[in-house]
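[1] Below: sequence and its predicted model.
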Amino acid sequence: MAASLEGGPYDLRADKTVEGWLYQERRPQNAFRPVIVAMLGMTFNELWQQAPEGDLFHVLVTPASPLFSHVNSGMAVGEMRRTGAMAVRRARKFLLDNDQQRAGGNSLPVLQTEVTRLVREYPRVPLGDIWEDLLDTQDQVLHLIETRRFNPSQLRDVNFLAAVVSFLVAKGFNDLEDRDQARIMTLVAAASAKDAEHPGLLALVKGLQSLIEYWADRPTDVFFYARKGTEIAEGLRGTVTPWLLGLQARASARLGDEETVRTVTAQADELRERMVPDDLDEIGGLLHYSRTKQLYYAVEAEALLRHGNAALIGQAEEAVTGFSDVQTEDWAFGDLAGTQCNLSLVRLHSGDVEGAAAAIRPVLDLSPTLRNNGIIVSVTRVGEALRYSTARTAVTACELSEEITAFPPQRPALMPSRRS
């Protein structure tokens, strides 16, 4: 897969000269361009002008454009994004439906671009914003495999795409708290990763299986899958191995095994110093385990052990700061919320109820569309810790407990809205 993602005609990383309206710092492949130009009636240069300051995704539409006749001049930016996205979806379908003989010419690079976009956008947007795109893309990739509309040399690339998009769909089901569906989808991802002969991706899927059990509060299974993934990843230099060790640390903390927490955390720190980014890290998004996220996991393991000393509070604050800048490449709303909950926990364990309430405030104010399963569980843990706190009868503690009880949203809030 690395050959398809780096270098050659389908390089998904080399072109960083234009701010795209599909996603940051990427443009569609050459095969995609004439379709967009023909559909929108604009030149390529007009389509890829520099976005206005403060609005990275704004689509520049001129009165001469045929698209302009379908909208009025006062159209909201959000509506422009929606109609623009519909145009791209139609164009992508056009390419896929008309590339009947071989996928390599047009379909495969389009799917590669779309899968990469979804990997990067997943941690940054509400699930409802991309859920249909995820399911559509998975269907397209699996159909490609079923019909075998590709050259034999492309087999690994197609299976790689199937594994990655199935990984994302499985993560989506887990965030919707539909764990049975998530578990089934990880089996699809694992089978595709094996067919792609990609040990790093297979280890990553084992990590996702571990993560699903973590949020299901089954720490023994968490440790089992993470350990299996570590065995598969032996000898690899990417960030998947530190992630698997971080999962082991959190599982051990839930089991009360402080010695193992210390051991695997130290191993993860050592590997971080010798880490060499691989093809998964280069794609980024959910496939990359950043240094800040590693700190987040280490703090969480300590918080689960009910520790709350000054040094740990400092680390928790550092993790929050690391995820507070939305412009950073590794920013993720779920990770930010997780670090804020962990900061609340360690402050609570130190006896600082006021500080705990301040730390979790941004999470309690999150829109219901962002309250996925992991965030809900993290908030609930703070509520559980409050019940055992010596300050649980304080006014701040009582008010915070009431807010946490009312926090979980109705499940439909996370589901995608239907497109017209």
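    In hand now; what should we look at?
[2] hey, let's count contacts and neighbours off CA atoms from now on
    Fine.
[3] for the nearest residue to Ile404 once chain neighbours are set aside, what are its contacts?
    What sits nearest to Ile404 in space, not counting adjacent residues and going by Cα to Cα, 6 or more residues apart in numbering, is Gly383, at 6.1 Å. Listed by Cα atoms under 8 Å, 6 or more residues apart in numbering, the contact partners of Gly383 are 400-401, 404-405.
[4] any idea how far Leu364 is from Gly383?
    Gly383 sits 12 Å away from Leu364, taking Cα to Cα, to the nearest Å as the criterion.
[5] which residues are common contacts for the two?
    Joint contacts of Gly383 and Leu364 (Cα under 8 Å, 6+ apart) are Ile404.
[6] among the contacts of Gly383, who's most crowded?
    Neighbour counts for the contacts of Gly383 peak at Leu400, which has 23 neighbours (criterion: other Cα atoms under 10 Å).
[7] Could you verify my assumption that that residue touches Ala357?
    Yes - look at Leu400 against Ala357 with Cα atoms under 8 Å: they come within range, at 6.6 Å.
[8] Now the residue positioned nearest the centre of the chain: closest residue in space that isn't a chain neighbour?
    Centroid-nearest residue in the chain, with Cα atoms, centre = their mean: Pro123, separated by 3.3 Å. Distances taken as Cα to Cα, 6+ apart put Ala332 closest to Pro123, at 4.8 Å, once the chain neighbours are dropped.
[9] how close does that neighbour get to Gly284?
    For Ala332, the distance to Gly284 - Cα to Cα - is 12 Å.
[10] More neighbours: which of these two?
    Set Ala332 next to Gly284 and count neighbours by other Cα under 10 Å: Ala332 wins out with 23 against 19.
[11] residues in contact with that one?
    Residues near Ala332 by Cα under 8 Å, 6+ apart: 123-124, 323, 326.
[12] Out of the residues you listed, who's the most crowded?
    Busiest of the contacts of Ala332 [other Cα under 10 Å] is Phe323, holding 25 neighbours.
[13] ok, now which ones touch that residue?
    Counting by Cα under 8 Å, 6+ apart, Phe323 has contacts 292, 330-332, 335-336.
[14] repeat for Ile360
    Counted by Cα under 8 Å, 6+ apart, Ile360 has contacts 340-341, 343-344, 379.
[15] so what's in contact with Ala332 and Gly284 at the same time?
    By Cα under 8 Å, 6+ apart, no residue touches both Ala332 and Gly284.
[16] Pull up the gap between the residue nearest to Pro123 and Val299, please.
    Per Cα to Cα, Ala332 is found 17 Å from Val299.
[17] Show me the strands in the stretch 151-300 of the chain, by range?
    Here the stretch 151-300 of the chain has no strands by DSSP state E, counting those that start in this stretch.
[18] show me where the stretch 51-200 of the chain has helices.
    77-98, 107-121, 127-147, 155-175, 179-195, 199-215 (DSSP state H, counting those that start in this stretch).
[19] Make CSV out of those helices and add mean neighbour count and distance to Asp279.
    Shown next, in CSV, are the helices of the stretch 51-200 of the chain (neighbours: other Cα atoms under 10 Å; distance: least, Cα to Cα, whole Å):
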stretch, mean neighbour count, distance to Asp279
helix 77-98, 15, 25
helix 107-121, 22, 12
helix 127-147, 17, 20
helix 155-175, 25, 11
helix 179-195, 20, 14
helix 199-215, 25, 9
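[20] okay if I get those as CSV plus distance to Leu255 and mean pLDDT?
    Below are the helices of the stretch 51-200 of the chain laid out as CSV (distance: least, Cα to Cα, whole Å; pLDDT from 0 to 100):
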stretch, distance to Leu255, mean pLDDT
helix 77-98, 46, 55
helix 107-121, 32, 93
helix 127-147, 31, 92
helix 155-175, 22, 96
helix 179-195, 21, 96
helix 199-215, 11, 98
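[21] about what we covered before: my guess is the residue nearest to the centre of the chain contacts Gly285. True?
    Yes - Pro123 sits in contact with Gly285 when judged by Cα under 8 Å, with a separation of 6.8 Å.
[22] I'd like the average pLDDT over the one helix or strand Leu400 maps to.
    According to DSSP states H and E, Leu400 maps onto helix 395-405. For helix 395-405, mean pLDDT is 90.
[23] ok, now stretch 301-308?
    In this model, stretch 301-308 carries a mean pLDDT of 96.
[24] do the same with stretch 223-239
    pLDDT averaged over stretch 223-239 gives 97.
[25] One more: stretch 353-361?
    The average pLDDT for stretch 353-361 rounds to 95.
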